[in-house]
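Enquirer: next come a sequence and a model predicted from it.
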Amino acid sequence: MTTPLLVEPSVAARPRADPWVALVADSLTDYAAGDLEQASISWHPEIAWTVRCAGPSSVHVGPHAVVEYHETLSARTNGTFRQHVVSLEASGGPVVAAHLRTTATLGERTLDIPSLLVIELSRGRIRTVTEMPGDLTAWEQFWG
């Protein structure tokens, strides 16, 4: 399985004092490597990935739906949709912020924006991911 997620080597290799950041880093690294079985060990069975945008937000519930969402974006862009994880930040609790660079090409259109994932954990598993494109206008124009 190929995913559009890329984790910067410095993010993947950094030692983690925060257990929530460590869990998220390991899961994202496994997902980026295409190892859904290993990545989803830390996902709640009803994980919800919500994309907040100017139009109606989209919600993808369950590991299969999350993977399908990413596969759909990749297919729509002929494999050019990428999200580079450039940093992970702890909150002092079970919430982790992932800073991304989102890029894609669709015909003559290009997308190159920052994005933020707010990842919430419950009982040691990733329960919700809220994706917020950093430039809503660019996001909407690209996909519109």
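Expert: That came through fine. Numbers count the residues shown, from 1 in each chain.
Enquirer: give me the sheet partners of whatever helix or strand Arg127 lives in and which way each runs.
Expert: Under the criterion of DSSP states H and E, Arg127 resides in strand 125-133. Here strand 125-133 is paired, per DSSP bridges, with strand 43-51 (parallel), strand 109-122 (antiparallel).
Enquirer: tilt between the next helix or strand after that strand and strand 109-122?
Expert: Downstream of strand 125-133, the first helix or strand assigned by DSSP H and E is helix 136-143. With axes from the mean of the first three to the mean of the last three CA atoms, to 10 degrees defining the directions, helix 136-143 sits at 110 degrees from strand 109-122.
Enquirer: any stretches of the protein with poor pLDDT?
Expert: 1, 55-56 (pLDDT under 70).
Enquirer: same list (the strands paired with strand 125-133) but as CSV, adding distance to Trp20 and mean neighbour count.
Expert: Bear in mind the C-beta positions are built from the backbone N, C-alpha and C, glycine included. Below are the strands paired with strand 125-133 laid out as CSV (distance: least, CB to CB, whole Å; neighbours: other CB atoms under 10 Å):
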stretch, distance to Trp20, mean neighbour count
strand 43-51, 14, 17
strand 109-122, 5, 16
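Enquirer: if we can go back for a sec, now the strand holding Arg127 - C-alpha only, PDB.
Expert: What follows is strand 125-133, C-alpha atoms only, in PDB (Å, rounded to 0.1, in the frame of the first residue of the first chain):
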ATOM      1  CA  ARG A 125      -5.300   5.100  20.900                       C
ATOM      2  CA  ILE A 126      -5.800   7.800  18.200                       C
ATOM      3  CA  ARG A 127      -9.500   8.600  18.300                       C
ATOM      4  CA  THR A 128      -9.900  11.800  16.200                       C
ATOM      5  CA  VAL A 129      -7.800  13.600  13.700                       C
ATOM      6  CA  THR A 130      -8.900  17.100  12.700                       C
ATOM      7  CA  GLU A 131      -7.200  18.300   9.500                       C
ATOM      8  CA  MET A 132      -7.100  22.000   8.900                       C
ATOM      9  CA  PRO A 133      -5.700  23.300   5.600                       C
END
